[in-house]
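Engineer: Quick one, fold the following:
(one chain, ligands or ions: 2)
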Amino acid sequence: MPKVLISDRFSQAAQQAFILRGIEVDVRPGLSTDELKAIIGGYDGLAVRSGTKVSADLLAAATRLKVIGRAGIGTENIDLAAATDQGVVVMNTPFGNSVTTAEHAIALMFSLARQIPAANASTHLGKWEKSRFMGVELTGKTLGIIGSGNIGAVVADRALGLNMRVVAFDPFLSEERAKDMCIEKVDLPTLFARADFISLHTPLTEATRNLICTDSIALMKDGVRIINCARGGLINEADLRAAIVSGKVAGAALDVYQTEPATENCLFGLEQVVCTPHLGASTAEAQENQALQVAEQMSDFLLSGIVANALNMVPVSAEDAPKLKPYMKLAGQLGSFAGQLTEHAIKAVRIEYEGHVAGLNTKPLTAIVLESLLRPMMVSVNMVNAPLVAKARGIEVSEVTCERKGDYNTLLRVIVTTEQRTREVAGTLFGGDKPRVVAIKGIPIEAELGSHMLYVTNQDKPGFIGALGSLLGARGVNIATFHLGRSEAGGDAILLTQVDQPLTDAILDEVKALPHVVQAKALNF
Ligand SMILES: NC(=O)c1ccc[n+]([C@@H]2O[C@H](COP(=O)([O-])OP(=O)(O)OC[C@H]3O[C@@H](n4cnc5c(N)ncnc54)[C@H](O)[C@@H]3O)[C@@H](O)[C@H]2O)c1
Ligand SMILES: O=C(O)[C@H](O)COP(=O)(O)O
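Structural biologist: Ligands and ions are numbered 1, 2, ... in the order given. Next up, the predicted model:
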């Protein structure tokens, strides 16, 4: 039974959801890095929020780990490259807290407009400072949204409901989508020039780091108010402080900070600044949504190979997973077959999908072909990183699909081009789920691959088969299955035989020395 660790504070719903699906779950929030490192080796899945730092070092100890589930959106706390290298799928829940976070941004906008936090504190102190807290109305004001993705779009919708004008900058926002959203797509300088309020909703990338800084603030209206519920690094905090102190910026409301947990910050103590401790996603509803979603996604992956919302792997739907299962085995066998025969640098891999398989989601099959093809040459390759590893090595990977059936209802062909030659192996499923190799180098054959195989190419001349049988018999090697193929009578021939034990190098050398043998290889599956 797969075992999952929840290492941050989660809604209890997650634990129940794992248990209901038959997954063993431990809940251990607040462990130190060393404590986590000491136990992580016992788990197949790790469920986190932003509190757990999943570093390369921690991953190195996570020898059994298959999946990391982030209940939430941002995955800055997870070393994605290290997880990918290790074959660990990383998934998040991209929509579970969008509405809640958007509502927090709107709440912060009201807080700024009416100075509610300061007015609240003053009133609690028994002061009645009616004239101190003069606000501004939102109706008719312009809200500039930077990043109009899931959260930005909800903020825009709510702001329109407040009779605000909404302008947005997002390089991926089309004019059509902006029109549908009833907002105006503008460039960044225009947004800065027109917005009374600016709300940030982009990821933190090299392009967005320090988006709000002295230079960009200079382009803004005097008295602008800024809201950040996205990521701390989007704002240069020292520059913002200077602009608030100078009066250029009337106020800022921040949920996120350059350094978190933010126990100290140069903006703390300014009365124009409203702060919350990264509460954007903190509602009962959002926590339950994303906890349930992450538990469901992780369980589906661990139990059925379904991949949803993964950041480092192609998706596999619930509908596709059972259909792909037998093909996964076939793809692995064909890739492994070609990989074990390959002795030179691979230049290109072409994978052809014909008939039934061509109508399926072939991306995961291609990933498995690549993984099993590259495995004999490198131990660190896995299904998750195989496409990247192939690309990094300059291997050109192509996929061809043709739903028209040929000789078989369904066929998968792997063609590997090295510096020396092109190798080709094709397979099908018998009875819908039994993998069979049906052609090697274009020569027809019908063979089931077992654990230990002997593959021989030879000239089709009398005497070879008898000699091979006698040799294996004399060396005590039991033949389990025996399959032959040839291009034409007297031409190139192939032999694929399953034996009951691994073949030693000495026996293989004797096979190579038999008359008419061109090549002999021991293959293990
Ligand atoms: N405060 C919180 O608790 C909290 C909760 C959830 C999400 N977040 C953060 O909110 C942000 C937005 O989340 P989302 O779910 O809406 O993400 P999303 O991916 O749906 O949307 C992000 C948008 O930003 C746009 N974008 C990317 N680069 C840009 C650039 N240089 N300039 C302008 N726009 C750019 C993208 O095109 C996309 O439309 C993320 O940083 C996320 O981590 C914070
Ligand atoms: O990226 C997110 O989903 C938010 O920043 C929420 O993070 P949290 O789960 O740590 O509150």
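
Engineer: and residue 424, what does it touch?
Structural biologist: Neighbouring residues of residue 424 by Cβ atoms under 8 Å, 6 or more residues apart in numbering: 413, 414, 415, 416, 439, 440, 441, 442. In this view, the C-beta of every residue, glycine as well, is placed from N, C-alpha and C.

Engineer: Quick check: it vs residue 385, distance?
Structural biologist: 25 Å (Cβ to Cβ, to the nearest Å).

Engineer: List just the nearest of the contacts of residue 424 to residue 128.
Structural biologist: Nearest to residue 128 among the contacts of residue 424, counting by Cβ to Cβ, is residue 414 at 79.9 Å.

Engineer: Confirm the closest one sits in a strand?
Structural biologist: Yes - the assignment for residue 414 is a strand, going by DSSP: H, G, I helix; E, B strand; the rest coil.

Engineer: what's the closest non-adjacent residue to it?
Structural biologist: Taking Cβ to Cβ, 6 or more residues apart in numbering, and ignoring the residues beside it in sequence, residue 414 has residue 334 as its nearest neighbour in space, at 4.6 Å.

Engineer: In contact with the one you found, which residues?
Structural biologist: Applying Cβ under 8 Å, 6+ apart, the residues near residue 334 are 369, 372, 412, 413, 414, 425, 426, 427, 437.

Engineer: what are the ranges of the strands in the stretch 151-300 of the chain?
Structural biologist: Secondary structure of the stretch 151-300 of the chain (DSSP state E, counting those that start in this stretch): strands at 165-169, 184-185, 197-200, 224-228, 249-254, 273-275.

Engineer: before we move on, back to that, heading toward the C-terminus, what's the first helix or strand past the one helix or strand the residue nearest to residue 414 maps to?
Structural biologist: Using DSSP states H and E, residue 334 falls within helix 320-341. Next helix or strand after helix 320-341 toward the C-terminus (DSSP H and E): strand 346-355.

Engineer: So which elements touch that next one?
Structural biologist: helix 363-374, strand 396-402, strand 410-418 (3 or more Cβ pairs under 8 Å, 6 or more residues apart in numbering; DSSP states H and E).

Engineer: run the last query once more with 10 Å
Structural biologist: Judged by 3 or more Cβ pairs under 10 Å, 6 or more residues apart in numbering; DSSP states H and E, the packing partners of strand 346-355 are helix 320-341, helix 363-374, helix 386-392, strand 396-402, strand 410-418, strand 422-430.

Engineer: Low-confidence ranges, the stretch 201-350 of the chain, go.
Structural biologist: Along the stretch 201-350 of the chain, no part satisfies pLDDT under 70.

Engineer: Ligand 2 contacts on that one?
Structural biologist: 278, 280, 281 (Cβ under 6 Å from any ligand atom).

Engineer: shouldn't the second one be in contact with residue 256?
Structural biologist: Yes - with contact defined as Cβ atoms under 10 Å, residue 280 counts as touching residue 256 (7.4 Å).

Engineer: what sits in contact with each of the two?
Structural biologist: Counting by Cβ atoms under 10 Å, 6 or more residues apart in numbering, the contacts common to residue 280 and residue 256 are 74, 228, 229, 230.

Engineer: mind listing what the third one touches?
Structural biologist: Going back to what we said before, that points to residue 229. Residue 229 makes contacts with 101-109, 151, 155, 199-201, 253-256, 276, 278-281, as judged by Cβ under 10 Å, 6+ apart.

Engineer: What number of residues are in the vicinity of residue 139?
Structural biologist: 7 (other Cβ atoms under 10 Å).

Engineer: secondary structure element for it?
Structural biologist: In the assignment (DSSP H and E), residue 139 maps to no helix and no strand.

Engineer: gap between it and residue 192?
Structural biologist: 22 Å.

Engineer: Take the helices and strands packed on strand 346-355 and write them to TSV, including distance to ligand 1.
Structural biologist: As requested, those are exported to TSV (distance: least, Cβ to the nearest ligand atom, whole Å):
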stretch	distance to ligand 1
helix 320-341	25
helix 363-374	22
helix 386-392	22
strand 396-402	28
strand 410-418	35
strand 422-430	39
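
Engineer: residue contacts, residue 189?
Structural biologist: Applying Cβ under 10 Å, 6+ apart, one finds that residue 189 lies in contact with 169, 216, 219, 220.

Engineer: filter those residues to the buried ones?
Structural biologist: Burial by neighbour count, judged by 16 or more other Cβ atoms under 10 Å, picks out 169, 216, 220 from these.

Engineer: Out of these, which is nearest to ligand 2?
Structural biologist: Of all those, the one with the least separation from ligand 2 (Cβ to the nearest ligand atom) is residue 169, at 21.0 Å.

Engineer: Is that closest one in contact with residue 191, as I believe?
Structural biologist: Yes - between residue 169 and residue 191 there is a contact under Cβ under 10 Å: 4.7 Å.

Engineer: Overlap in contacts, the two.
Structural biologist: By Cβ under 10 Å, 6+ apart, the residues touching both residue 169 and residue 191 are 144, 145, 146, 185, 198.

Engineer: Out of these, the closest to ligand 2 would be?
Structural biologist: Taking Cβ to the nearest ligand atom as the measure, ligand 2 sits nearest to residue 146 out of the shared contacts of residue 169 and residue 191, at 16.6 Å.
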